[in-house]
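Asker: what follows is a predicted protein model with its sequence.
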Amino acid sequence: MSSVKTKAEAELAGVKAGDPRTMSGRDPKSIPLEAFDLAQAELFQNDSIWGYMDRLREECPVHYCADSRDFDPYWSIMKFSDIMEVEGNHEVFSSAQGITLRQNPENFNTESFIGSDEPKHGQQRRTVQGVVAPSNLANLEPLIRERVAGILDDLPIGETFNWVDRVSIELTTQMLATLFDFPFEERRNLTFWSDVATSQPEIDGIVESQDERIRILRDECLPAFNKLWDERANKAPGNDLISMLAHGPDTQNLNRDKPLEFLGNLILLIVGGNDTTRNSLSGGVKFLNDNPGEYQKLRDNLDLIPKMVPEIIRYQTPLSSMARVATQDAIVGGKKIHAGDRVVMWYMSGNRDPEVIDRPYEFIIDRDRPRHHLSFGFGIHRCMGNRLAEMQLRVAWEEIMKRFRFVEIVAEPQRTLSSFIHGFTDMEVRVHPW
């Protein structure tokens, strides 16, 4: 596991450590509530975010950050019930002005159905919903199992390797290539474009500037998919996402009339198909290593896998948050939010809310109601691929447990430097067969 810092990480550690607003390394109880700024990427990378979230959830569950170090001002929504209230009121809390924290005005704004309100959101979502319909998922399961088996059978026994790259990324990238019917030999481009799309320029080291991010998505990602679009539009409708968009009555002219909206929908589908499965598959290995009693419980009863999977997704919360913008003045948790204010729903905090989830900081693979979590969102924007993600993870763990008694973490995992993507970049492991 590399300990070399990227240029962005080095700058973040040096420059921002001198910023009085930086919270990393400080006691959450020592910082005045008005100075809290949860959206600092290093708090997530060093896994110290929890104390800050706990304090806000307990003392100021609807909190305004007027002077964020890295982003425009925003409200933090911390409690499960308040998040559900905001998420469920899409008329007052709009997605049309972006679903993430805002990092300075940008000159390259893509649209997508997740970043839209009704009726456009529903029209475009329905166009691609068929790819995750129950019948299609049933048809996909044998292929997923075959590919998982191939990945696991190729792992080096007795050697140390990076689980994130060899298993988590490889599996999700193979499935993305299948869902898009993307050239299989070029599938790692999908992972790269997903990382670029969710990057925070000058923070996470994936791209060095907003200009570089724009160039990659506009000049590399978009032309590749335009080529596929032209091929699919001239063929009979298929079951892949590009064909569905190319033949859908509400989207068939998207690439020609609204190329940035086409790109936005592509990015949404790539990211949505990548991050939940990828980071939950890594997270599951971490949580079982941290909880050997639960690992033994799993070994003793593999029928627990379907319950364990949503517990992994809750405990990991692969996307830390989503944002909305108030279309009018509103009251949430007794606080007045003004029209135009950006509101961030911290799913990670809601998934640790003891008022709703029993023993939320415990990883329990046979938990009652394991799907009662916020990782997939709620309401009209609930993750379209939630059942696909669960199926991939279920099949993966069924195949892992057939082969390996123990996937052993041998060095401290490295986490993603991001306040949006809650994941891992490196996880050095050894696998031990039965």
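Answerer: Ah, there it is.

Asker: what about the helices in the stretch 101-250 of the chain?
Answerer: For the stretch 101-250 of the chain, the helices defined by DSSP state H, counting those that start in this stretch occupy 120-128, 134-153, 163, 170-180, 188-197, 210-216, 222-233, 241-247.

Asker: between these, which one is nearest to Asp37?
Answerer: When those are compared by Cβ to Cβ, helix 210-216 sits nearest Asp37, at 21.0 Å. Glycine gets a C-beta too; all of them are placed from N, C-alpha and C.

Asker: what mean pLDDT does the closest one get?
Answerer: In this model, helix 210-216 has a mean pLDDT of 86.

Asker: and Ile409, what is it in contact with?
Answerer: Val285, Lys286, Asn289, Met427, Glu428, Val429 (Cβ atoms under 8 Å, 6 or more residues apart in numbering).

Asker: rounded mean pLDDT for the longest helix belonging to the chain, please.
Answerer: Longest helix in the chain, counting residues (DSSP state H): helix 259-290. Regarding helix 259-290, the rounded mean pLDDT is 84.

Asker: what are the buried residues along that helix?
Answerer: For helix 259-290, a neighbour-count test (16 or more other Cβ atoms under 10 Å) marks 260-289 as buried.

Asker: tell me the angle that helix makes with helix 222-233.
Answerer: With axes from the mean of the first three to the mean of the last three Cα atoms, to 10 degrees applied, the angle from helix 259-290 to helix 222-233 works out at 100 degrees.

Asker: quick one: distance of helix 259-290 to the chain centre.
Answerer: Chain-centre distance of helix 259-290: 5 Å, with Cα atoms, centre = their mean, to the nearest Å.

Asker: helix or strand right after it?
Answerer: Once the chain leaves helix 259-290, the next helix or strand it forms, by DSSP states H and E, is helix 292-300.

Asker: please name every helix or strand in contact with that next one.
Answerer: Helices and strands touching helix 292-300, by 3 or more Cβ pairs under 8 Å, 6 or more residues apart in numbering; DSSP states H and E, are helix 259-290.

Asker: and the angle from the helix it packs on to helix 134-153?
Answerer: Using the same axes, to 10 degrees: helix 259-290 against helix 134-153 is 60 degrees.

Asker: begin at 4, not 1, for the rest of this chat.
Answerer: Sure, I'll start counting at 4 from here, so that last one is helix 262-293.

Asker: enumerate every residue touching the residue nearest to Val170 when sequence neighbours are not counted.
Answerer: Using Cβ to Cβ, 6 or more residues apart in numbering and skipping the chain neighbours, the partner closest in space to Val170 is Ile154 (6.0 Å). For Ile154, the contacting residues are Arg169, Val170, Glu173, Leu174, Gln177, by Cβ under 8 Å, 6+ apart.

Asker: do you know how far Leu182 is from Leu248?
Answerer: 12 Å (Cβ to Cβ, to the nearest Å).

Asker: actually, Arg374.
Answerer: 29 Å.

Asker: of those two, which one has the most company?
Answerer: For Arg374 versus Leu248, neighbours defined as other Cβ atoms under 10 Å are more numerous around Leu248 (24 against 15).

Asker: what count of nearby residues applies to the residue nearest to the more buried one when sequence neighbours are not counted?
Answerer: Counting by Cβ to Cβ, 6+ apart, Thr254 is the residue found nearest to Leu248 once chain neighbours are left out, at 4.7 Å. When neighbours are counted by other Cβ under 10 Å, Thr254 registers 21.

Asker: would you mind measuring from the closest residue to Phe185 other than its chain neighbours to Asp214?
Answerer: Leaving out its chain neighbours, the residue that sits closest to Phe185 by Cβ to Cβ, 6+ apart is Leu193, at 6.3 Å. Note on Leu193: its distance to Asp214, by Cβ to Cβ, is 22 Å.

Asker: could you do Ser79 as well?
Answerer: Separation of Ser79 from Asp214 (Cβ to Cβ): 30 Å.

Asker: can you check Pro137 too?
Answerer: Distance, Pro137 to Asp214, by Cβ to Cβ: 43 Å.

Asker: look up phi and psi at the residue most central in space within the chain.
Answerer: Geometric centre of the chain, nearest residue: Leu322, 3.4 Å, by Cα atoms, centre = their mean. Dihedral angles of Leu322 (phi, psi; degrees, to the nearest 10) stand at phi -110, psi 120.
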